[in-house]
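Undergrad: Structure, please.
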Amino acid sequence: MKAVLFDLDGTLTDPREGITRSIAHALERMGREPPPLDDLCFAIGPPLRASLAKLLGEDRRETVEQALAHYRERFADVGLFENAPYDGIAELLTALQGSGTRLFVATSKPLVYADRIVRHFGFDAHFEAVHGCELDGTREDKRDLLAHLLATHAMQGGHDIAMVGDRGVDMSAAKLHGLRGLGALWGYGSRSELLDAGAHDLAESPEALRTKLVRAHLA
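TA: Numbers count the residues shown, from 1 in each chain. This next block holds a predicted model:
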């Protein structure tokens, strides 16, 4: 049965303000001078622990976890909702659901946050399930997350299932599991990042994505 898995950050919603401001807050709490917010956009999408380690210049678990705790101080109450759906996403989800396509969220964001965001914007009516990592980092690797999602819903990999995301990690995980990888160019990953990671196709907008999904018999 046809199914589409959607990344959250940079694909369904634009979380730029909430994520970058929360990272800046964490760096300040760690006694570091944060760079301009625009320079923190690289951290939108990939697992946050690795991005924090890069910004801190060290990967000691205790240090990274402390910074992550500071990030969550702000993100859990404020940053979570400094966020907005991309234009055309609501219409896309409505059309896909109406065509009988099974819809899932597959994000490296902790499930406790992803669930709240999906419900806040009313997207929960469209999705069969939301899958994210645990707060301790379990399944934050998108490859592990997709393995868990496919097993949970008894789905086999194949091109009747698409992974839509804006970063290379989405495309490489889709490729590993034999899914059709569709890159969302309206997000934070570049065209070259997506293609180098194995994207089957790219879409400039949610409307263009719908057209490509129809052509691939996924909508």
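
Undergrad: Quick check: can you list the domain ranges of the protein?
TA: The chain breaks down by automatic domain parsing into domains covering 3-14+84-215, 16-81.

Undergrad: Save those domains as TSV, and put in mean pLDDT too.
TA: Output for the domains of the chain, formatted as TSV (pLDDT from 0 to 100):
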stretch	mean pLDDT
domain 3-14+84-215	96
domain 16-81	95
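
Undergrad: how about CSV for those, with mean neighbour count added?
TA: Heads up, the C-betas are built off the backbone N, CA and C, glycines and all. Listed next are the domains of the chain as CSV, based on neighbours: other Cβ atoms under 10 Å:
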stretch, mean neighbour count
domain 3-14+84-215, 19
domain 16-81, 17
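
Undergrad: Check which element follows the host helix or strand of Gly18 along the chain.
TA: Gly18 belongs to helix 16-29 when elements are defined using DSSP states H and E. Downstream of helix 16-29, the first helix or strand assigned by DSSP H and E is helix 48-56.

Undergrad: for that next one, packing partners?
TA: With contacts taken as 3 or more Cβ pairs under 8 Å, 6 or more residues apart in numbering; DSSP states H and E, helix 48-56 sits against helix 16-29, helix 61-75.

Undergrad: run the last query once more with 6 Å
TA: For helix 48-56, the packing partners by 3 or more Cβ pairs under 6 Å, 6 or more residues apart in numbering; DSSP states H and E come out as helix 61-75.

Undergrad: what's in contact with the helix it packs on?
TA: Residues from elsewhere that reach helix 61-75, judged by Cβ atoms under 6 Å, 6 or more residues apart in numbering: Ser22, His25, Ala26, Arg29, Met30, Arg49, Leu52, Ala53.

Undergrad: and of those residues, the nearest to Tyr86?
TA: Ser22 (20.1 Å; Cβ to Cβ).

Undergrad: My read is that the closest one contacts Gly79, right?
TA: Yes - using Cβ atoms under 6 Å as the test, Ser22 is close enough to Gly79 to be in contact (4.0 Å).

Undergrad: which residue ranges form the strands in this structure?
TA: Applying DSSP state E to the chain gives strands spanning 3-6, 13-14, 84-85, 102-110, 129-133, 161-165, 180-184, 201-203.

Undergrad: contact partners of the fifth one?
TA: What that stands for is strand 129-133. Contacts of strand 129-133 (Cβ under 6 Å, 6+ apart): 104-111, 114-115, 118, 139-140, 149.

Undergrad: go with 7 Å
TA: Identification of contacts with strand 129-133 by Cβ atoms under 7 Å, 6 or more residues apart in numbering yields 104-111, 114-115, 118, 139-140, 145, 148-149.

Undergrad: quick one, what contacts Ala147?
TA: His177.

Undergrad: now it: how far from Arg139?
TA: 8 Å (Cβ to Cβ, to the nearest Å).

Undergrad: Next, the nearest residue to Thr94 once chain neighbours are set aside: phi, psi?
TA: Sequence neighbours aside, His126 is the residue nearest to Thr94 in space, at 7.0 Å (criterion: Cβ to Cβ, 6 or more residues apart in numbering). Note on His126: backbone dihedrals following degrees, to the nearest 10 are phi -100, psi -30.

Undergrad: I'd like the distance between the residue nearest to His217 when sequence neighbours are not counted and Arg102.
TA: Once flanking residues are discounted, His217 sits nearest to Lys2: 6.9 Å by Cβ to Cβ, 6+ apart. Counting by Cβ to Cβ, the separation of Lys2 from Arg102 is 7 Å.
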